[in-house]
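Novice: Any chance you could fold what I've pasted below:
(one chain, ligands or ions: 1)
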Amino acid sequence: MADNRTHIQAGLITGAILSILKDWNRNDLNMDQKFGRAILSASIGAIGGKLPDIFEPADHPNHRQGAHSVAFMGFSYATLQEFKEKYPEWELIIDPLLAGYASHLVLDSKTPMGIPWF
Ligand SMILES: [Zn+2]
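Specialist: Numbers count the residues shown, from 1 in each chain. Purely as a prediction, here's the structure:
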(Lines give C-alpha, C1' and ligand atoms only; values in the text may rest on other atoms or scores of the structure.)
Protein backbone atom coordinates (compact mmCIF):
# COMPACT_ATOMS: atom_id res chain seq x y z
CA MET A 1 0.00 0.00 0.00
CA ALA A 2 1.31 3.42 -0.96
CA ASP A 3 1.97 5.57 2.08
CA ASN A 4 1.55 9.29 2.52
CA ARG A 5 5.02 10.09 1.28
CA THR A 6 4.64 7.95 -1.85
CA HIS A 7 1.34 9.65 -2.76
CA ILE A 8 2.89 13.09 -2.38
CA GLN A 9 5.96 12.10 -4.42
CA ALA A 10 3.81 10.58 -7.17
CA GLY A 11 1.69 13.74 -7.32
CA LEU A 12 4.83 15.89 -7.43
CA ILE A 13 6.34 13.92 -10.30
CA THR A 14 3.02 13.79 -12.17
CA GLY A 15 2.58 17.57 -11.86
CA ALA A 16 6.13 18.23 -13.04
CA ILE A 17 5.85 15.89 -16.04
CA LEU A 18 2.49 17.41 -16.99
CA SER A 19 3.96 20.90 -16.96
CA ILE A 20 7.00 19.88 -19.00
CA LEU A 21 4.82 18.14 -21.60
CA LYS A 22 2.49 21.13 -21.89
CA ASP A 23 5.09 23.91 -21.89
CA TRP A 24 8.11 22.33 -23.59
CA ASN A 25 7.36 23.61 -27.11
CA ARG A 26 5.78 26.92 -26.14
CA ASN A 27 7.63 29.87 -27.62
CA ASP A 28 5.78 32.49 -25.60
CA LEU A 29 7.49 31.41 -22.35
CA ASN A 30 11.17 31.75 -21.50
CA MET A 31 13.09 29.09 -19.55
CA ASP A 32 12.58 30.86 -16.20
CA GLN A 33 8.83 30.96 -16.77
CA LYS A 34 8.76 27.30 -17.80
CA PHE A 35 10.78 26.36 -14.73
CA GLY A 36 8.52 28.40 -12.45
CA ARG A 37 5.42 26.81 -13.95
CA ALA A 38 6.96 23.33 -13.52
CA ILE A 39 7.67 24.02 -9.82
CA LEU A 40 4.14 25.35 -9.30
CA SER A 41 2.63 22.41 -11.18
CA ALA A 42 4.70 19.91 -9.17
CA SER A 43 3.62 21.53 -5.90
CA ILE A 44 -0.05 21.50 -6.85
CA GLY A 45 0.34 17.93 -8.12
CA ALA A 46 1.66 16.96 -4.69
CA ILE A 47 -1.45 18.46 -3.07
CA GLY A 48 -3.63 16.59 -5.58
CA GLY A 49 -1.74 13.41 -4.76
CA LYS A 50 -2.69 13.78 -1.11
CA LEU A 51 -6.25 15.07 -1.61
CA PRO A 52 -8.18 11.76 -1.73
CA ASP A 53 -6.80 10.79 1.69
CA ILE A 54 -7.68 14.27 3.03
CA PHE A 55 -11.29 13.74 1.88
CA GLU A 56 -11.31 10.17 3.18
CA PRO A 57 -8.50 9.62 5.72
CA ALA A 58 -6.84 6.20 5.55
CA ASP A 59 -7.79 5.35 9.14
CA HIS A 60 -9.51 2.02 8.37
CA PRO A 61 -9.29 -0.63 5.61
CA ASN A 62 -12.52 0.45 3.88
CA HIS A 63 -11.76 4.16 3.79
CA ARG A 64 -11.90 4.24 -0.01
CA GLN A 65 -15.43 5.34 -0.79
CA GLY A 66 -16.78 8.08 -3.07
CA ALA A 67 -13.74 10.37 -3.23
CA HIS A 68 -11.55 7.39 -4.16
CA SER A 69 -13.87 6.26 -6.96
CA VAL A 70 -13.42 6.30 -10.71
CA ALA A 71 -16.83 8.02 -11.00
CA PHE A 72 -15.74 10.89 -8.71
CA MET A 73 -12.57 11.36 -10.75
CA GLY A 74 -14.59 11.43 -13.98
CA PHE A 75 -17.16 13.83 -12.54
CA SER A 76 -14.43 16.13 -11.18
CA TYR A 77 -12.61 16.07 -14.51
CA ALA A 78 -15.77 16.94 -16.47
CA THR A 79 -16.84 19.67 -14.05
CA LEU A 80 -13.42 21.26 -13.92
CA GLN A 81 -13.09 21.19 -17.74
CA GLU A 82 -16.27 23.28 -17.93
CA PHE A 83 -14.89 25.62 -15.25
CA LYS A 84 -11.67 25.96 -17.26
CA GLU A 85 -13.60 27.01 -20.36
CA LYS A 86 -15.01 29.94 -18.39
CA TYR A 87 -11.79 30.71 -16.54
CA PRO A 88 -8.84 29.51 -18.70
CA GLU A 89 -6.27 31.07 -16.35
CA TRP A 90 -7.16 28.38 -13.78
CA GLU A 91 -5.66 25.72 -16.04
CA LEU A 92 -2.35 26.12 -14.21
CA ILE A 93 -4.04 25.02 -10.98
CA ILE A 94 -6.70 22.58 -12.18
CA ASP A 95 -4.65 20.37 -14.50
CA PRO A 96 -1.88 19.43 -12.03
CA LEU A 97 -4.45 19.04 -9.25
CA LEU A 98 -6.38 16.52 -11.36
CA ALA A 99 -3.17 14.80 -12.48
CA GLY A 100 -1.98 14.45 -8.87
CA TYR A 101 -5.41 13.23 -7.81
CA ALA A 102 -5.36 10.64 -10.61
CA SER A 103 -1.88 9.48 -9.53
CA HIS A 104 -3.30 8.74 -6.07
CA LEU A 105 -6.14 6.66 -7.51
CA VAL A 106 -3.76 4.76 -9.82
CA LEU A 107 -1.49 3.87 -6.89
CA ASP A 108 -4.46 2.84 -4.72
CA SER A 109 -5.93 0.77 -7.56
CA LYS A 110 -2.76 -1.33 -7.58
CA THR A 111 -3.40 -2.56 -4.02
CA PRO A 112 -5.39 -5.73 -3.24
CA MET A 113 -8.28 -3.57 -1.99
CA GLY A 114 -8.38 -1.55 -5.23
CA ILE A 115 -10.64 1.47 -5.68
CA PRO A 116 -14.43 1.55 -6.22
CA TRP A 117 -16.00 2.37 -9.59
CA PHE A 118 -18.71 4.43 -7.82
ZN1 LIG B 1 -6.01 6.72 -0.75
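Novice: Against Asp28, how distant is the residue nearest in space to the middle of the chain?
Specialist: When the chain is reduced to its mean C-alpha position, the closest residue under CA atoms, centre = their mean turns out to be Gly100, at 1.9 Å. As for Gly100, its distance to Asp28 is 25 Å (criterion: CB to CB, to the nearest Å). Where you see a C-beta, it was placed from the backbone N, CA and C, and this is true even at glycine.
Novice: same question, Phe83
Specialist: 23 Å.
Novice: if you count what's nearby, which of those two comes out ahead?
Specialist: Phe83 (13 against 6; other CB atoms under 10 Å).
Novice: any idea of the pLDDT on the more buried one?
Specialist: Per-residue pLDDT puts Phe83 at 96.
Novice: next one: Met1
Specialist: According to the per-residue confidence, Met1 scores 66 in pLDDT.
Novice: in this structure, which segments are predicted with low confidence?
Specialist: Residues of the chain meeting the criterion pLDDT under 70: 1.
Novice: neighbours around Asn27, how many?
Specialist: Other residues lying near Asn27 total 5 when counted by other CB under 10 Å.
Novice: ditto for Ile20
Specialist: There are 15 residues near Ile20, going by other CB under 10 Å.
Novice: and what of the one 5 residues further on?
Specialist: Number of residues near Asn25 (other CB under 10 Å) recorded here: 6.
Novice: Thank you kindly, that will do.
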